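>>> next comes the sequence, and after it the predicted model I'd like to discuss.
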Amino acid sequence: MHNRHAWVERNDDGTKREVRVVKSGGTWRFQAKGSEEETWTYYDEPPLPDLEQFHEVLQRKYQRRRASHEDVLWAEREITRLRNRA
């Protein structure tokens, strides 16, 4: 199954921000880049808003059989973990 997911969102100031999530070796890697930036920012731990958006992307893909249920559950567990830590 293809384990690359990406989306583009607009910031409050109207600039675009692209987020990519890639699963490699059983580990998810989040990276983001604003339209005004030249290099990608890699996250050891994803920001909660990116993780919540990723969960929505996975849910939509799961309904179309393009993502696994285990990946959706992983995102739900990570969201819960980050919310409990805050």
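On my side now, so go ahead.

>>> tell me the centre residue of this protein?
With distances taken as CA atoms, centre = their mean, Phe54 lies nearest the centre of the chain, 3.7 Å away.

>>> beyond whichever strand or helix holds that one, next helix or strand please.
Per DSSP states H and E, Phe54 falls inside helix 48-63. Using DSSP H and E, the helix or strand that directly follows helix 48-63 along the chain is helix 69-85.

>>> what helices or strands is that next one leaning on?
If you count contacts as 3 or more CB pairs under 8 Å, 6 or more residues apart in numbering; DSSP states H and E, helix 69-85 packs onto helix 48-63. C-beta coordinates here come from the backbone N, C-alpha and C atoms, glycine included.

>>> so which bits of the helix it packs on are buried?
Asp50, Leu51, Glu52, Gln53, Phe54, His55, Val57, Leu58, Lys61, Tyr62 (16 or more other CB atoms under 10 Å).

>>> could I get those residues as CSV with distance to Glu38 and pLDDT?
Shown next, in CSV, are the buried residues of helix 48-63 (distance: CB to CB, whole Å; pLDDT from 0 to 100):
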residue, distance to Glu38, pLDDT
Asp50, 20, 97
Leu51, 25, 98
Glu52, 27, 98
Gln53, 23, 98
Phe54, 24, 98
His55, 29, 98
Val57, 25, 97
Leu58, 29, 97
Lys61, 30, 96
Tyr62, 34, 97
